[in-house]
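*Asks:* I'll drop the sequence and a predicted model, then ask my questions.
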Amino acid sequence: MNPLRIGTRGSPLALWQARHVAELLRPLAAPRPVEFVEIETSGDRIRDLALSQIGGDGLFTKEIQRALLSNTVDIAVHSLKDLPTTHVAGLSLAAVPERGPAGDAFVSKMYARFDQLPQGATVGTSSLRRRSQALHRRPDLHLVDLRGNVDTRLRKLEEQRLDAIVLAEAGLLRLGLHSVVTELLDPQWMLPAIGQGALGLECRSQDVPVLDLLDRLNHRATRQAVLAERALLRGLGGGCLVPIGASTRIVGERLHLRGAVLSTNGDRRIMAEHEGDASDAEAIGRRLAEILLTSGAAELLRPSAPPGGGEKV
């Protein structure tokens, strides 16, 4: 019997995510075996530049999608925040399992809270979204780029004598490193990335058996939330070089979505919110994008915007 092949990056966090999905799939796919195929992506190969300098969407997903299309793997496991909203012909986002924590974590050896950082403190992050929001709250801070796996970034906190770093809470939790979290940042001002904490399972659009199998892993509320967030990003036309954040809350059948677009240096922030029936998740995201654009976000999203405008992770 042909194995069910899961394509994944080779980082510790990506492998954890692939193994987690495999555990969910094995009882559903039995007796078909499940195996992993590790794939190196552009984002993995280029480690000496900031993500914003590399440019382009799909730095951590394109090679895995090509493996799907070439029938090298049957399922791709993505961190959903890495997956571009542009549709790839022949592929389907078949499942979104239940989401982990969506927020960001402040990690420091010296300070108990972000707001306790001294004037001019040095903070490391790999995300323009985190950088811009941190500078919006504390324009005095010195933000430095921090690439690498979670363990690498935690090591650099000490090696580079940084005052603090900011990481996704979900990654720390999944790697058993939640104890290093000093403070969970308030999503009222540090809005998460689109799809943060969620996994996206892709397969070939014509692979009906795998589509049916993955459909059983869908978590309804999570899928509604990320569909709204991704529709917001798509409506804004935000690529990888604009700081955009979103926070979703579902209560009963109502979905509430907050979104923000910032300038790269954090001096400007356009924030708005919208809510509606959760079954119309994508419509809510599209409408919020329209509200943000008419509220001034369009200026920040222009490629030719001055230093006060432009980027996203």
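*Replies:* All right, it came through fine.
*Asks:* chain neighbours aside, what residue packs nearest to Q224?
*Replies:* Closest residue in space to Q224, ignoring its immediate chain neighbours: A281 at 4.3 Å, by C-beta to C-beta, 6 or more residues apart in numbering. To be clear about C-beta, it is placed using only N, CA and C from the backbone, and glycine gets the same treatment.
*Asks:* name the spans of the stretch 51-200 of the chain whose pLDDT lies under the cut-off.
*Replies:* Along the stretch 51-200 of the chain, segments meeting pLDDT under 70 span 51-56.
*Asks:* now do the strands in it.
*Replies:* For the stretch 51-200 of the chain, the strands defined by DSSP state E, counting those that start in this stretch occupy 75-79, 91-95, 104-107, 122-125, 142-145, 164-168, 183-184, 199-204.
*Asks:* let me have these in JSON lines, adding distance to G245 and mean neighbour count as columns.
*Replies:* Shown next, in JSON lines, are the strands of the stretch 51-200 of the chain (distance: least, C-beta to C-beta, whole Å; neighbours: other C-beta atoms under 10 Å):
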{"stretch": "strand 75-79", "distance to G245": "16", "mean neighbour count": "26"}
{"stretch": "strand 91-95", "distance to G245": "21", "mean neighbour count": "20"}
{"stretch": "strand 104-107", "distance to G245": "9", "mean neighbour count": "24"}
{"stretch": "strand 122-125", "distance to G245": "13", "mean neighbour count": "21"}
{"stretch": "strand 142-145", "distance to G245": "16", "mean neighbour count": "16"}
{"stretch": "strand 164-168", "distance to G245": "12", "mean neighbour count": "24"}
{"stretch": "strand 183-184", "distance to G245": "15", "mean neighbour count": "16"}
{"stretch": "strand 199-204", "distance to G245": "18", "mean neighbour count": "23"}
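*Asks:* same list (those) but as CSV, adding distance to G266.
*Replies:* As requested, the strands of the stretch 51-200 of the chain are exported to CSV (distance: least, C-beta to C-beta, whole Å):
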stretch, distance to G266
strand 75-79, 24
strand 91-95, 32
strand 104-107, 15
strand 122-125, 12
strand 142-145, 9
strand 164-168, 13
strand 183-184, 19
strand 199-204, 29
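*Asks:* now the residue nearest to H142 when sequence neighbours are not counted: how far from A112?
*Replies:* Nearest residue to H142, sequence neighbours excluded (C-beta to C-beta, 6+ apart): T122, at 4.6 Å. Note on T122: its distance to A112, by C-beta to C-beta, to the nearest Å, is 17 Å.
*Asks:* ok so, going back, please name whichever of the strands of the stretch 51-200 of the chain is nearest to L214.
*Replies:* strand 91-95 (3.9 Å; C-beta to C-beta).
*Asks:* name the residues that touch stretch 287-301?
*Replies:* Applying C-beta atoms under 8 Å, 6 or more residues apart in numbering, the external contacts of stretch 287-301 come out as 228, 231-238, 242, 257, 259-263, 268, 270-274, 276, 305, 308-310.
*Asks:* just the ones in strands from the residues you listed, please.
*Replies:* Within these, residues falling in strands by DSSP state E are 257, 259-262, 270-274, 276.
*Asks:* drop anything exposed from those residues.
*Replies:* Among the ones in strands among the contacts of stretch 287-301, those buried by neighbour count (16 or more other C-beta atoms under 10 Å) are 257, 259-262, 270-274, 276.
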